[in-house]
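Trainee: predicted structure and sequence below. I'll ask about it afterward.
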Amino acid sequence: MGTIQQALRMSAPYWAAEHEIARRYFDSSTRSTTTDKVWVGHQMFKEWTGSGVYGPRHTTVASMIAEVAAEVAPLGQGAVAPSPLKSTYTKLSFASDELRHYAQLHDLFLLIESDTPPPAIAELGKLKEGSALTELRLGHREDKLGAIAVDLSEGGGLGLYFGIRSAKDLLDLSSEVDREVLAVADRTIEDETRHLLGRFQAARDAGLDEEQWDRVSEILEEISRQKLLERNEQFGGMLTAGEVAAVSASENRPRTTSFLTDHLSFLLDYLGMSPVDL
């Protein structure tokens, strides 16, 4: 039966695999200043551009803030708001969160490579699988069900950042870089848990029937799979091609269940799910 719970079950194995990538990366002998610059730089690009999650093509944090400024500017000139401003405030709040994430990652990049400023934002986003993810999301945003699936895919269930937090024992906390890596993860989790729950609340309120939920779940799984390919490229291939292909196999179910119960219990509670439903 198509339900919002099904949508979570379809995407959760991929979110759990993102968590595994982060754990492996910070336990890997291949981690270096160069590889840190790749993953942090690409994450900066994603925060700034949305990677197809919000707005049409070419939407950025800057363009969202400009839209908000244009919407509120007449109020300073004595005009009366022509319509409720809740959507304007929501957009500003979201843009503020994304700008903060970008700024934190920018400062982290400077800690990693203090002698050279980060390249232009467009240069940070040149990963093949990342470009494919953006195009996939932009294509699906054209219809209602695709747009819901795209929204639910934001943040990948926070798999990356919960993975970093779980790797705390693998970090060198005498290193300023590693302390900031952990701090960035903690700050992002604080904001993105609110985003994740809000998007599931909005999806539940959309009034979809079973057939529509089947389609949303199908699209969300497709996006989650591509997002995992992006994440694996971003972190230098911590999962083998075989492991990526088998993410949703039954032998990986304990990893998925552990990820959800350890990190997304707030979402399970909201959806009325328990570990036996997974």
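Mentor: Cool, got the structure. Numbering: from 1, shown residues only.
Trainee: count the residues that sit near Arg194.
Mentor: 12 (other Cβ atoms under 10 Å). Where C-beta positions appear, they are placed from N, C-alpha and C, glycine not excepted.
Trainee: can you tell me the helix or strand for it?
Mentor: Arg194 is part of helix 176-204 when elements are defined by DSSP states H and E.
Trainee: model confidence for Asp277, exactly?
Mentor: Among the per-residue scores, Asp277 holds a pLDDT of 70.
Trainee: helix, strand or coil for the closest residue in space to it that isn't next to it in sequence?
Mentor: Closest residue to Asp277 apart from its sequence neighbours, by Cβ to Cβ, 6 or more residues apart in numbering: Gln5 at 6.6 Å. At Gln5, secondary structure determined by DSSP: H, G, I helix; E, B strand; the rest coil is helix.
Trainee: need the contact list for Gln5.
Mentor: Going by Cβ atoms under 8 Å, 6 or more residues apart in numbering, Gln5 touches Leu271, Gly272, Met273, Asp277.
Trainee: repeat that for Leu196.
Mentor: Leu196 touches Glu154, Gly155, Gly157, Leu158, Leu264, Leu267, counting by Cβ under 8 Å, 6+ apart.
Trainee: where do the helices of this protein begin and end?
Mentor: All helices of the chain, identified by DSSP state H, fall at 4-25, 33-49, 61-72, 86-112, 121-124, 128-140, 144-152, 159-166, 176-204, 210-234, 241-245, 253-263, 265-271.
Trainee: same list (those) but as TSV, adding distance to Gly55 and mean pLDDT.
Mentor: Shown next, in TSV, are the helices of the chain (distance: least, Cβ to Cβ, whole Å; pLDDT from 0 to 100):
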stretch	distance to Gly55	mean pLDDT
helix 4-25	22	95
helix 33-49	9	93
helix 61-72	7	88
helix 86-112	9	88
helix 121-124	16	84
helix 128-140	10	94
helix 144-152	11	95
helix 159-166	22	96
helix 176-204	15	93
helix 210-234	16	96
helix 241-245	29	96
helix 253-263	28	94
helix 265-271	25	92
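Trainee: measure the residue nearest to Asp277 to Ser274 for me?
Mentor: 11 Å (Cβ to Cβ, to the nearest Å).
Trainee: list the contacts of the residue nearest the centre of the chain.
Mentor: Central residue of the chain (Cα atoms, centre = their mean): Gly155, 1.6 Å from the mean position. When contacts are counted by Cβ under 8 Å, 6+ apart, Gly155 touches Glu192, His195, Leu196.
Trainee: swap in Arg165?
Mentor: By Cβ under 8 Å, 6+ apart, the residues touching Arg165 are Leu182, Ala185, Asp186, Ile189.
Trainee: can you do 6 Å?
Mentor: For Arg165, the contacting residues are Ala185, by Cβ atoms under 6 Å, 6 or more residues apart in numbering.
Trainee: quick check on the contacts of Leu196: which are buried?
Mentor: Taking 16 or more other Cβ atoms under 10 Å as the criterion, what is buried in those is Glu154, Gly155, Gly157, Leu158, Leu264, Leu267.
Trainee: relative to Leu145, which of those residues is nearest.
Mentor: Closest approach to Leu145 among the buried ones among the contacts of Leu196 (Cβ to Cβ): Glu154, at 16.1 Å.
Trainee: now the end-to-end length of stretch 165-175.
Mentor: Using Cα to Cα, to the nearest Å, the end-to-end distance of stretch 165-175 comes out at 16 Å.
Trainee: buried ones in that stretch?
Mentor: Arg165, Ser166, Ala167, Leu170, Leu171.
Trainee: same deal with stretch 19-32?
Mentor: Result for stretch 19-32 [16+ other Cβ under 10 Å]: buried residues His19, Glu20, Ile21, Ala22, Arg23, Arg24, Tyr25, Phe26, Arg31.
Trainee: can you add distance to Ala12 and give the contacts of Gly155 back as JSON lines?
Mentor: Conversion of these to JSON lines gives the following (distance: Cβ to Cβ, whole Å):
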{"residue": "Glu192", "distance to Ala12": "16"}
{"residue": "His195", "distance to Ala12": "17"}
{"residue": "Leu196", "distance to Ala12": "12"}
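Trainee: one step back: from the contacts of Leu196, which shows the smallest pLDDT?
Mentor: Lowest in pLDDT among these is Gly155, which has 81.
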